[in-house]
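Engineer: fold the following.
(one chain, ligands or ions: 1)
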Amino acid sequence: MAKKIGVTMEVGNDGVAVITITNPPVNSLASPIIAGLKEKFQDANQRNDVKAIVLTGNNGRFSGGFDINVFQQVHKTGDLSLMPEVSVELVCNLMEDSRKPVVAAVEGLALGGGLELAMACHARVAAPKAQLGLPELTLGVIPGFGGTQRLPRLVGLAKATDMILLSKSILSEEGHKLGLVDALVPPGDLLSASRKWALDIADGRKPFLRSLHRTDKIGSLSEARAILKNSRQLAKKIAPNMPQHHACIEVIEEGIVHGGYSGVLKEAEVFKQLVLSDTAKGLVHVFFAQRATSKVPNVTDVGLKPRPIKKVAIIGGGLMGSGIATALLLSNIRVLLKEINTEYLMKGIKSVEANIKGLVSRGKLTQDKAGKALSLLKGVLDYTEFKDVDMVIEAVIENIQLKQSIFKELEKVCSPHCILASNTSTIDLDVIGEKTNSKDRIVGAHFFSPAHLMTLLEIVRSKNTSAQVILDLMAVGKAIKKVPVVVGNCIGFAVNRTFFPYAQAAHMLTNLGVDLFRIDSVITSFGLPLGPFQLGDLAGHGIGLAVGPIYAKVYGDRMFNSPLTELLLKSGRNGKINGRGFYIYEKGSKPKPDPQVLSIVEESRKLTNIMPGGKPRSVSDKEIVEMILFPVVNEACRVLDEGVVIRAADLDIASVLGMSFPSYRGGIVFWADMVGPKYIYERLKRLSETYGGFFKPSRYLEERAMKGMLLSESQSSRSRM
Ligand SMILES: CCCCCCCCCCC[C@H](O)CC(=O)SCCNC(=O)CCNC(=O)[C@H](O)C(C)(C)COP(=O)(O)OP(=O)(O)OC[C@H]1O[C@@H](n2cnc3c(N)ncnc32)[C@H](O)[C@@H]1OP(=O)(O)O
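Structural biologist: Modelled structure (predicted):
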């Protein structure tokens, strides 16, 4: 059934016209809505029986902002005429400069263009807990309906720049304190209170305030310049590779120096430039890609309902187990933490406590909520209490026999409906469940470390995992504020498999004579938070050495065998875990590159002997990026080819959330499509001619390069799902 969308106007006997936006689910400002708003405001302004106007949104939500689908259309077509000219015609002329007072009745949320419309009203009445913010910068653009000008005038410049640059929303309670919201009323009174407020303005009992004309919260020019200087520093720090933060500050400054109206005009100009930037393309892609992950064919579209998961048992209280336990507890799910002896159990419980304490000390959790979360935790040493758990998550070391015996035992002690999940990052799920008769309820729940902070949850389905179990785990993932991405079963699943060439390529480059600290620095300038060597330190080189053979067994034709990790471990450098890896780790200070490690690198170079003519290979920064990330793209192609992910965009989200691949580059496949499959193919081909199989272009990449297709286009039929 087509959803009903539009703008309605009802004029009451009191002379108040209530204009209502309807566009479920978030009342986004799509083209028909904007046209409807223009029409209704014109009408209300002209009608003699209308004294005042109330603007509101249907179904408990004011508006989630401009329709982001339009950005995507602009990206596909390059056609800027799809963007409406709104900021002057509707927002200034018809709303703010209307002779009849307009009051916004805000409930649920007013975000982006939604909040901008509300700010153009002459007062805002809100229900409690409404979410207010201008998140446009997360989409690579800036507010475009005058938000850059009106927010500073309503809440002050420092607060406004903080909210806009960090895309931080606030609740209506805080908005009330700041002056963004004029009155807070219970939801049931929202419309009547707004009508009354509008009539009070019309009859002169309340002031007729036009936000754009206000200057009382801006302060002096020198004060404003000092705030903007800080904002520029903040922008440099948080968004070094993105244009929208600096552009936004310029636009705000224009309004401070030359007046709000001038700022509105500059805002539209800058918006037009930014909306076509690669950053906006990447970020808008990520917005939709993330939401698409919750649509899983034959799981979410077959009428199944998730079963409630109230109690979860976790086996293993190490780093992963305690992190997963923390995430569950924070979402009010009871947790049984099982260990093999009291010492390990106490360690696990202490880790959970430390995780929760850390959140409290960083102001992310109240003491009360921390206490509540910890009260839901129980440590156990055997399976006695497993009979009524809804799900078990096994998080022990990567040992096949151990996992097999645990699952065999679980089948006996848990109820038949209990979900049996493994947090394995490498081992084949079919192998783990081989000795059980419960293959339909065995599923991978691959969390990323630290599990209570990282948002990605890879849900790994084997050929036997039931749709119901996948749906249940997706619901748990969402409940604990993760982004679940359903993937197929293979060594390394989607994320670790795609990124296994990342470290390998880095090792090859350094064995070719390139300075390892330069490699890290080039890769962090590209936008990944950690270069491959620092990431190796963080993961621990012991793990690298342990999983290497597992990958080699299946992907051996494209492995680069570097002796570096073994040499590092031999010299007692395990990574961050013992304070020494490629870097030195000291409490309270940033990791320092350790020059002493260079003698180990020399030894590795001697053993591999791949430097051309025994001399270090000279490479540009661009070549470093290509030699490290194109092999990752190549593996991503194989993951797509084998149907390990449902759609290419899922791999983008997995790379952004699991590997911190920069979201403004849209994820690994999106980025590769922007660079061009043909270019990547040709570069890899040339590299493989010199350095062998590690760089050999995959069949999928070659095919798309030859056909001039994007990597994200169409999927192979060889699906693993
Ligand atoms: C000639 C040129 C002149 C240029 C002049 C300038 C013109 C400028 C025009 C733009 C001006 C404006 O300043 C720009 C904007 O407003 S950009 C949008 C800003 N808003 C946002 O960023 C909000 C984004 N949405 C969210 O954060 C969340 O969706 C939420 C609103 C908090 C709701 O969250 P939740 O309940 O968890 O639900 P989902 O996230 O799953 O969303 C449900 C579905 O709704 C879709 N959605 C959400 N917001 C939008 C939107 N703004 N536009 C379109 N669609 C939206 C979302 O995709 C989900 O859809 P599916 O169910 O199909 O997946």
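Engineer: check which helix or strand covers the residue of the stretch 251-400 of the chain found nearest the ligand.
Structural biologist: In the stretch 251-400 of the chain, the residue that lies nearest the ligand is Arg291 (3.7 Å; C-beta to the nearest ligand atom). Every residue, glycine included, has its C-beta placed from N, CA and C. Here Arg291 sits within helix 278-292, counting by DSSP states H and E.
Engineer: number of residues surrounding the residue of the stretch 251-400 of the chain closest to the ligand?
Structural biologist: Residues lying near Arg291 (other C-beta atoms under 10 Å) number 12.
Engineer: get me the contact residues on the stretch 201-350 of the chain for the ligand.
Structural biologist: Ala268, Phe271, Lys272, Arg291 (C-beta under 6 Å from any ligand atom).
Engineer: what angle do the helix or strand encompassing the third one and helix 278-292 make?
Structural biologist: Here Lys272 sits within helix 260-275, counting by DSSP H and E. Between the axes of helix 260-275 and helix 278-292, defined by axes from the mean of the first three to the mean of the last three C-alpha atoms, to 10 degrees, the angle is 70 degrees.
Engineer: and helix 260-275, which residues are buried?
Structural biologist: Across helix 260-275, burial judged by 16 or more other C-beta atoms under 10 Å covers Gly260, Gly263, Val264, Lys266, Glu267, Ala268, Val270, Phe271, Leu274, Val275.
Engineer: do stretch 528-541 as well
Structural biologist: Of the residues in stretch 528-541, 528, 530-541 count as buried by neighbour count, 16+ other C-beta under 10 Å.
Engineer: distance to Ala127, secondary structure and pLDDT added to these, as TSV?
Structural biologist: Output for the buried residues of stretch 528-541, formatted as TSV (distance: C-beta to C-beta, whole Å; DSSP: H, G, I helix; E, B strand; the rest coil; pLDDT from 0 to 100):
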residue	distance to Ala127	secondary structure	pLDDT
Leu528	42	coil	97
Leu530	43	coil	95
Gly531	47	coil	96
Pro532	49	helix	97
Phe533	52	helix	97
Gln534	47	helix	97
Leu535	45	helix	95
Gly536	50	helix	94
Asp537	49	helix	95
Leu538	44	helix	92
Ala539	47	helix	89
Gly540	49	coil	92
His541	54	helix	93
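Engineer: CSV for the residues you listed, including distance to Lys553?
Structural biologist: Shown next, in CSV, are those (distance: C-beta to C-beta, whole Å):
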residue, distance to Lys553
Leu528, 28
Leu530, 27
Gly531, 27
Pro532, 22
Phe533, 25
Gln534, 27
Leu535, 23
Gly536, 21
Asp537, 25
Leu538, 25
Ala539, 20
Gly540, 21
His541, 20
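Engineer: just these that are near the ligand?
Structural biologist: Contacts with the ligand within these, counted by C-beta under 6 Å from any ligand atom: none were found.
Engineer: if we can go back for a sec, I'd like the next helix or strand past the helix holding Arg291.
Structural biologist: Proceeding N to C from helix 278-292, the next assigned helix or strand is strand 311-315, under DSSP H and E.
Engineer: what's the average pLDDT for that next one?
Structural biologist: Averaging pLDDT along strand 311-315 yields 98.
Engineer: for the helix or strand just after it, name the packing helices and strands.
Structural biologist: Downstream of strand 311-315, the first helix or strand assigned by DSSP H and E is helix 319-330. With contacts taken as 3 or more C-beta pairs under 8 Å, 6 or more residues apart in numbering; DSSP states H and E, helix 319-330 sits against strand 311-315, strand 334-338, helix 342-361, helix 367-375, strand 442-447.
Engineer: list the contacts of helix 319-330.
Structural biologist: By C-beta atoms under 8 Å, 6 or more residues apart in numbering, the surrounding residues in contact with helix 319-330 are 312, 314-315, 317, 335, 337, 348-349, 351-352, 355-356, 359, 365, 369, 373-374, 376-377, 393, 395-396, 423, 445, 447, 449-453, 476, 480-482.
Engineer: how far does the lowest-mean-pLDDT helix or strand in the chain sit from its chain's centre?
Structural biologist: The least trusted helix or strand in the chain, going by mean pLDDT, DSSP states H and E, turns out to be helix 541-555, with a mean of 87. Distance of helix 541-555 from the chain centroid (C-alpha atoms, centre = their mean, to the nearest Å) equals 29 Å.
Engineer: equivalent analysis for stretch 428-448, please.
Structural biologist: Averaging C-alpha positions (C-alpha atoms, centre = their mean) puts stretch 428-448 27 Å from its chain's average.
Engineer: list the buried residues for that stretch?
Structural biologist: Of the residues in stretch 428-448, 428-429, 432-433, 436, 438-439, 441-448 count as buried by neighbour count, 16+ other C-beta under 10 Å.
Engineer: ok, now stretch 545-556?
Structural biologist: Val547, Gly548, Ile550, Tyr551, Tyr555.
Engineer: and the gap between the third one and the ligand?
Structural biologist: Distance of Ile550 to the ligand, given as C-beta to the nearest ligand atom, to the nearest Å: 36 Å.
Engineer: can I get the helix holding Arg291 in CSV, CA atoms only?
Structural biologist: Extracted in CSV, the C-alpha atoms of helix 278-292 (Å, rounded to 0.1, in the frame of the first residue of the first chain):
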residue,chain,number,x,y,z
ASP,A,278,33.2,13.0,-2.9
THR,A,279,32.9,13.3,0.9
ALA,A,280,29.1,13.9,0.7
LYS,A,281,28.8,11.0,-1.8
GLY,A,282,30.7,8.7,0.6
LEU,A,283,28.8,9.8,3.7
VAL,A,284,25.3,9.6,2.1
HIS,A,285,26.2,6.2,0.8
VAL,A,286,27.1,5.1,4.3
PHE,A,287,23.9,6.5,5.7
PHE,A,288,21.7,4.3,3.4
ALA,A,289,24.2,1.3,3.5
GLN,A,290,24.0,1.1,7.3
ARG,A,291,20.2,1.0,7.2
ALA,A,292,20.2,-1.5,4.4
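Engineer: now tell me what touches that helix from outside.
Structural biologist: The contact list for helix 278-292 (C-beta under 8 Å, 6+ apart) reads 68, 71-72, 75, 138-141, 241-244, 274, 483, 647, 649-650, 652-653, 656, 662-667, 670-671, 674.
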